[in-house]
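Asks: Here's my sequence, what's the structure:
(chains A and B)
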Amino acid sequence: MKGLIIKDLYMTAKYCRSNIIISFLFLLLSLASPDNLFFTFYPAMLGGMIPTNILAYDERSRWIQYSDTLPYSRAQIVSGKYIIGLIAQGTIIVSIGIAHAAVMISNGTFSTEAFGVFMMLILTMSLISSSINLPFMFKYGVEKGRLAYYVMVGIVCGGSVAASQLMTESTEQEINLFGVLPIVCLIGIGIFALSWYLSIVLYKKREL
Amino acid sequence: MNALEIRNLTKSFKDFRLDNLSLTLPSGCIMGLIGENGAGKSTTIKLILDIIHKDGGSIKILGEDNEKNIKMTKEDIGVVLDEVGLPECLTAKQVGKVMKHTFQNWDQDEYNHLLTKFSIPDKKQFKDFSRGMKMKLGIAIAMSHGAKLLLLDEATSGLDPVVRDEVVEMFYDFTRDESHSILISSHIVSDLEKLCDYIAFLHKGKLLLCEEKDVLLSKYGIVHCTPEQLSALDLKSIKHTKVTPYGIETIVLRDKVPEDFKISPISIEELFLLMVKEAK
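Replies: Predicted coordinates:
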């Protein structure tokens, strides 16, 4: 499967530069406006879009047919895309975490609990956002699967507004988000794992 | 051992049906799959590779059922599809790095040798290649990992005559090893006539015939004659008759024609056209 990852990394470097640049611009905006969580979630979501972008190029170049003639199982082909997504999202989330922690420390506002809540929210949102797209893309192809993209953007926008309200309310009403969010985070991981499994099952049945 | 055994293969689409296809490719041989566009050549190759799933029948590749452990079997298969299917932004050098981590038996030296032989630039992006160049890169990949079976779908189309001749020669050399075999589909019949040991004619999803090329050529011939001479021929010997301004041209079964008739050799292309007309 290493060959698939290397190929996707080459393609990410070539085709997804704009995702990376925009992600870092939004990261800077999120530092300037920490209360607006959209600026924080959007870069993580863009990272999750990288597998979808690559899949679109794979379809156009007919790589999806060619890769099926190579010694890879369909499960490996699907997993390659999820792993690339994890690498991209992981890099962005870690960058966001480091940048926000540095700002909080320099402001003297750093608290482990608040930072933990913040990171768990980003992780959950980004995992859920990338989970929606891929099963549709693997089942119907990128063109027909585009609808899922719009659903995902809606969820991220709505989710970021809801998360902002939740964080404000939790501060006002002293709700212990630190206790609840690990469960929500686990649900996010579960949804991601389910999406991965579903994509494998659907792609195995697809005729290319 | 047979490189390929297909039995009663069936696959239906909305407007096309591959119907009960059976053929055998012995090891060390080259089989040409000839058919017009839409005859079912690419469908057959996709079914062999399990890219699309069969409705019925069985396929064995190098002795293994194609639905069991196909991943390992593909280590021994080199494939060139009609659209090579490499990512457009990759260079030949990058493709080599990807394939090195794809095939267990990847031979980087052989790959580099073929890139040089085919004059493929290693730093140019795939999207900037001509169709012929793309095909050559596909062939270089297929022949650089110790494959025992090559499945080539229209692999010689788009190549200029000089390179085509070179590639055909390479395929010949490949099958000098008795454990190596090739299934090649094309509608450029002259390439296959030169290259193949076995010929299979496909028409509208049906196998019209599958026979050793030499047997076919010794079985059929062409007689140029007058209407009077034609009437002297046994009707069972006549497969097809064409009236031209210069006389009558008849495709015949050689062993049923009297010795005093002069029989000219027939080409595979003429025979294919005859079979298709008969099938209509």
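Asks: Every contact and neighbour count from this point should use C-alpha atoms.
Replies: OK.
Asks: So which other helices or strands are in contact with whichever strand or helix holds A:Leu186?
Replies: According to DSSP states H and E, A:Leu186 maps onto helix A:177-205. On a contact count with 3 or more CA pairs under 8 Å, 6 or more residues apart in numbering or on different chains; DSSP states H and E, helix A:177-205 meets helix A:74-107, helix A:112-140.
Asks: least reliable of the ones you listed going by mean pLDDT?
Replies: Among those, helix A:112-140 carries the lowest mean pLDDT, a mean of 84.
Asks: so what's the residue of the stretch 101-250 of chain B found nearest chain A up against?
Replies: Here the stretch 101-250 of chain B gets closest to chain A at one residue, B:His101, 4.5 Å apart by CA to the nearest CA. Contact analysis of B:His101 by CA atoms under 8 Å, 6 or more residues apart in numbering or on different chains lists A:Met1, A:Lys2, A:Gly3.
Asks: near chain B, from these?
Replies: Contacts with chain B within the contacts of B:His101, as defined by CA under 8 Å from any CA of the partner chain: A:Met1, A:Lys2, A:Gly3.
Asks: If any of those are buried, give me the PyMOL selection for them.
Replies: Those of these that count as buried under 16 or more other CA atoms under 10 Å in any protein chain shown are selected in PyMOL with:
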select buried, chain A and resi 3
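Asks: Just send the ones next to chain B among the contacts of B:His101 back as TSV, with pLDDT too.
Replies: Below are those laid out as TSV (pLDDT from 0 to 100):
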residue	pLDDT
A:Met1	87
A:Lys2	92
A:Gly3	94
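Asks: Specify which member of the ones next to chain B among the contacts of B:His101 is nearest to chain B.
Replies: When the ones next to chain B among the contacts of B:His101 are compared against chain B (criterion: CA to the nearest CA), the nearest one is A:Gly3, at 4.5 Å.
Asks: thinking again about what came up before, mind checking which of the contacts of B:His101 are in strands?
Replies: Among the contacts of B:His101, no residue falls in strands (DSSP state E).
Asks: Could you dump the ones next to chain B among the contacts of B:His101 into a markdown table with distance to B:Gly35 added?
Replies: Putting the ones next to chain B among the contacts of B:His101 into a markdown table (distance: CA to CA, whole Å) gives the following:
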| residue | distance to B:Gly35 |
| --- | --- |
| A:Met1 | 36 |
| A:Lys2 | 38 |
| A:Gly3 | 35 |
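Asks: Near chain B, which residues of chain A are found?
Replies: A:1-4, A:6-7, A:10-11, A:14, A:57-58, A:61-66, A:68-73, A:206-208.
Asks: pLDDT on the helix holding A:Leu186, on average?
Replies: The model assigns helix A:177-205 a mean pLDDT of 87.
Asks: what do you get for stretch B:75-89?
Replies: 93.
Asks: Please apply the same query to stretch B:176-183.
Replies: pLDDT averaged over stretch B:176-183 gives 91.
Asks: Neighbouring strands - and their directions - for the one helix or strand B:Leu207 maps to?
Replies: Following DSSP H and E, one finds B:Leu207 within strand B:206-212. Partners of strand B:206-212 in the sheet, by DSSP bridges, are strand B:198-203 (antiparallel).
Asks: List the residues that contact B:Ile120.
Replies: B:Ala92, B:Met133, B:Lys136, B:Leu137.
Asks: phi, psi of the last one?
Replies: When quoted as degrees, to the nearest 10, the phi and psi of B:Leu137 stand at phi -70, psi -40.
Asks: For it, give its distance to B:Val168.
Replies: Distance of B:Leu137 to B:Val168, given as CA to CA, to the nearest Å: 15 Å.
Asks: Pick out whichever of these two has more residues nearby.
Replies: Counting neighbours by other CA atoms under 10 Å in any protein chain shown for B:Leu137 and for B:Val168 shows that B:Leu137 has the greater number, 26 against 17.
Asks: Give me the pLDDT value at that one.
Replies: Predicted confidence (pLDDT) for B:Leu137: 93.
Asks: Surely it and B:Lys93 touch.
Replies: No. Between B:Leu137 and B:Lys93 there is no contact under CA atoms under 8 Å: 10.7 Å.
Asks: what's the spacing between B:Thr24 and chain A?
Replies: 21 Å (CA to the nearest CA, to the nearest Å).
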